[in-house]
Structures are given as structure tokens and as C-alpha cells.
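S.K.: kindly return the folded structure for what I paste below:
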Amino acid sequence: MLSKGEAYFNWWLACLYLSNFSFSIPYKWDARSESVVLIGPRSRRIYNVTLFLHSTYFVIMATHLAMNYGSMELPELLKGLVTLLASGFMGISRTTFFFWEKDFLLLFNGFLNFEKVFLKRFTNIDPSVRKRSLFRCVVFFFGTFTCATFGLVVAFLLWVRPCTPPYLGSMTSICLSGKEPVAKTWFEYGIKIATVSFEGMMWFHMGPPCCFAIGNAFQSFSLCLKKYLMILSNEVRKTPSNKDDQLLSIFAQYSQLQLLVKQMNITFQDFFTPVGLSVCSNALIFALYVCIRLHDVIPMPGFVFFPMILGDAMLIIGVDFASAGPVYLTSKEVSSQWKMLAGKSQAKRKARSFCPLKVRFGMNFIDELTSLTILDFSVGQTVSLLVMS
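M.R.: Numbering: from 1, shown residues only. As a prediction, the model looks like this:
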């Protein structure tokens with residue numbers, strides 16, 4: 001549950017505070033109204049600057065890699081490609097918050113407001129339904145930790161290997177000539193510290209909003225929808241079939257869930273989910289290839305970046321996006337059971353109009369096999385690359 005005092009409240013709030021600290025998200029938590037609100041004008045100006053820097057940073061890295069890939073060896077090229085894919089997915093989150101800013105705000109507050117009324121409406125909820133999952137807490141922690149530490153990892157990597165593509169240091173004439181720069185004077189050390197700090201800062205601005213969008217928002221919304229459906233199913237099961245008014249009151253909650261899913265699709269369907277799945281699957285393919293084929297070629301600490309990207313990509317596809325699959329399955333089972341109500345009451349006619357809830361991406365929707373299919377495709381493509389090489 002998302003609202004204050006519930007199992008997942010502190011997790012998403014901590015990630016929101018982390019994103020506010022880096023001025024990388026246009027929202028903040030308002031304790032007085034217990035809702036998410038837009039940031040103030042001063043924070044907005046800083047947020048716009050970080051967004052511009054992120055966009056420019058990505059374009060410069062992509063242009064550099066496209067212009068110099070022919071002179072790079074395979075390990076270096078894969079480093080740059082995986083880095084661009086990781087940066088691109090984080091950019092997807094920031095793009096979603098920028099173009100669908102008000103839609104996401106309505107969606108998040110819609111869930112919070114619905115849940116507060118929902119929990120007051122159904123007071124005798126099974127405690128096991130509201131109990132937090134240890135697995136989900138581990139997922140929240142791992143996602144937040146890795147996204148928050150990307151900046152430190154990148155800074156340490158570039159301090160040791162400043163010519164790692166496609167970062168800014170690899171664009172210098174020394175790195176392009178195939179040599180590693182060695183700082184000898186205080187001025188050169190100052191330049192190196194400034195460059196490494198800037199690179200680390202850019203990744204610190206990109207990581208937390210990505211974690212908030214996919215791990216703390218999309219996943220939490222999907223988990224909550226499943227829990228709401230389980231509660232409604234239990235309430236209908238406990239209600240006698242001749243209590244038409246009570247059944248209609250319960251079914252009204254399902255209609256509100258349909259509106260929440262509609263708003264969720266407005267926010268995520270056209271850009272965030274389809275592009276995110278595509279970028280993550282490609283990042284998984286190349287990161288897994290590097291971990292298997294080139295683990296003895298790429299020295300530390302450069303290699304540590306690939307297991308982190310691999311773990312995050314598998315987590316995003318296999319857990320975060322996969323959490324939307326049970327929403328369709330559960331709603332299909334629940335709505336089918338409600339259509340079997342005895343008699344010809346108004347509640348039964350209402351139940352017959354219900355369709356399963358579908359969290360969509362593009363023209364399709366996520367079911368329980370979507371993530372497994374994407375993971376199977378990614379592993380299959382990695383095997384093909386290994387065979388060809």
C-alpha cells in the first residue's frame with residue numbers, strides 16, 4: 001500500500017526525497033495535505049537546468065561514440081554502448097516526468113486519495129493482504145541503492161580509467177591517440193577532479209528519478225492494484241447475493257480502479273513502458289555478453305559497471321514491469337467470478353459489464369508472460385552473439 005502509514009510509503013518517499021536532493025524531479029511531498037505536489041519556482045529553475053544538462057550530456061556522448069566507433073576495440077565499444085543504453089533509460093524517466101508531468105501527478109495522487117477512502121470503507125481487511133513483502137523490500141532497497149550509487153561508481157571508474165568511452169574524458173586528444181593521461185601537476189589534478197565530479201554528478205541526477213519512476217511508482221501501482229482486487233474479491237465473497245446495495249457499493253470501487261488504470265495507461269502507455277522495455281532488453285543483451293565473453297578482457301574497476309547494469313535490467317524487466325502482469329490475471333479471475341452471481345439483480349448486471357484491467361504498452365498489454373518472453377528473447381539474442389563470436 002502506498003498511503004501514509006502503509007507498507008511501501010517510506011520506500012517511495014525516501015526515493016522522492018533523494019530525487020529532490022538532486023533537483024531531478026518536478027514533484028515533492030506535502031505533509032500537510034498528504035499528497036504529492038509540484039515543486040516551487042526556485043527549485044523548478046534548477047530542475048530545468050539539470051534536465052538540459054542531462055539531455056546535452058547524452059547527445060554529446062552519443063555523437064562521440066557514433067563518430068569514433070570505428071577506431072575502438074570491441075570491449076571499449078561495448079562499454080560505450082551499455083553506458084548509452086543505461087543513460088538512455090534513465091533519460092526515459094526524466095522525459096516522462098517532463099512531458100507527462102501533470103498526468104503523473106494526477107495518477108500518483110489518484111492512488112493516494114483512492115487508497116485513503118478505500119481503507120476507511122473496508123476496515124476488516126485480512127492483515128496478510130496489507131503485510132509488507134520481504135522480497136519487495138529487498139527489490140526497493142537494491143533499486144534505490146544502485147541508482148543512488150551510480151554516480152560514485154562512475155566517478156571511481158573515471159578516476160582510475162579516465163579514457164573510458166563515451167565519457168567526456170575519452171574525447172580529449174590524449175585519449176583519442178590511445179594514451180592514458182597521467183596527472184603530474186596540481187592544475188592537472190584539479191582538472192581531473194572537476195571532470196570526474198561533473199561526470200559523477202550527472203549520473204547522480206539521472207539515477208534517483210529512474211528508480212522512482214519504475215521501481216517506486218510503476219511497480220507500487222501494480223502491486224496496489226492487485227491488493228485492491230484481492231480485498232474486493234473477499235468482500236464480495238462475504239456479502240450475501242441478496243444484498244444488492246452492498247454489492248453495488250463494492251462494484252463501484254472496481255469502476256474507480258478502471259479509472260486509475262486508464263490514467264496509468266495515459267501516463268505510461270505511449271512512451272515510458274514500450275521504450276523502457278526495448279532499451280532494457282538491449283542493455284541486458286550487451287551487458288550479459290560482456291559478463292560472459294569479455295570478463296577477462298575488461299579490467300577492474302571498469303568491469304563492475306556491467307554486472308550492475310545487468311542486475312538492474314533483469315530487475316526492471318523481471319520484477320518491476322512484471323508486477324503489472326498479475327493485475328490482468330487477478331482482475332480476469334475476479335470479474336469472471338462476479339459474473340456468476342446468482343439471480344438477476346442489478347449488481348449482477350453491473351458485474352457483467354466489467355472487463356479485466358489491462359496495463360498497456362503501445363497497442364498491447366502486460367500479462368503474466370510478457371516479462372518472461374522478453375527475458376527469453378534477450379537471453380536468446382545473447383546466445384546468438386556468443387555463437388557468432
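
S.K.: low-confidence ranges in this structure?
M.R.: 1, 5, 126-130, 301-302, 342-344 (pLDDT under 70).

S.K.: which residue ranges of it form strands?
M.R.: Secondary structure of the chain, counting by DSSP state E: strands at 27-30, 35-38, 360-361, 364-365.

S.K.: Ser241 is in contact with Leu341, correct?
M.R.: Yes: between Leu341 and Ser241 there is a contact at 5.6 Å, judged by Cβ atoms under 8 Å. To be clear about C-beta, it is placed using only N, CA and C from the backbone, and glycine gets the same treatment.

S.K.: quick one: which of these two has more around it?
M.R.: The neighbour comparison of Leu341 against Ser241 (other Cβ atoms under 10 Å) goes to Leu341, with 18 against 13.

S.K.: tell me how far the more buried one lies from Tyr254.
M.R.: Distance check for Leu341 against Tyr254: by Cβ to Cβ, to the nearest Å, it reads 13 Å.

S.K.: ok, back up a step: mean neighbour count, the strands of the chain: which tops it?
M.R.: strand 360-361 (a mean of 20; mean count of other Cβ atoms under 10 Å).

S.K.: helices or strands next to it in the packing?
M.R.: Judged by 3 or more Cβ pairs under 8 Å, 6 or more residues apart in numbering; DSSP states H and E, strand 360-361 is in contact with helix 272-293.

S.K.: could you dump the helix it packs on to PDB, C-alpha only?
M.R.: In PDB, the C-alpha atoms belonging to helix 272-293 read as follows (Å, rounded to 0.1, in the frame of the first residue of the first chain):
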ATOM      1  CA  PHE A 272       7.700   5.100 -20.900                       C
ATOM      2  CA  THR A 273       6.800   1.400 -21.000                       C
ATOM      3  CA  PRO A 274       7.400   0.400 -24.700                       C
ATOM      4  CA  VAL A 275      10.700   2.400 -25.000                       C
ATOM      5  CA  GLY A 276      11.800   1.300 -21.500                       C
ATOM      6  CA  LEU A 277      11.300  -2.400 -22.300                       C
ATOM      7  CA  SER A 278      13.100  -2.000 -25.600                       C
ATOM      8  CA  VAL A 279      16.100  -0.200 -24.100                       C
ATOM      9  CA  CYS A 280      16.300  -2.500 -21.000                       C
ATOM     10  CA  SER A 281      16.200  -5.600 -23.200                       C
ATOM     11  CA  ASN A 282      19.100  -4.300 -25.300                       C
ATOM     12  CA  ALA A 283      21.100  -3.300 -22.200                       C
ATOM     13  CA  LEU A 284      20.600  -6.800 -20.800                       C
ATOM     14  CA  ILE A 285      21.800  -8.400 -24.100                       C
ATOM     15  CA  PHE A 286      25.100  -6.500 -24.300                       C
ATOM     16  CA  ALA A 287      25.800  -6.500 -20.500                       C
ATOM     17  CA  LEU A 288      25.300 -10.200 -20.300                       C
ATOM     18  CA  TYR A 289      27.500 -10.700 -23.400                       C
ATOM     19  CA  VAL A 290      30.300  -8.700 -21.800                       C
ATOM     20  CA  CYS A 291      30.000 -10.600 -18.400                       C
ATOM     21  CA  ILE A 292      30.300 -13.900 -20.200                       C
ATOM     22  CA  ARG A 293      32.700 -13.300 -23.100                       C
END
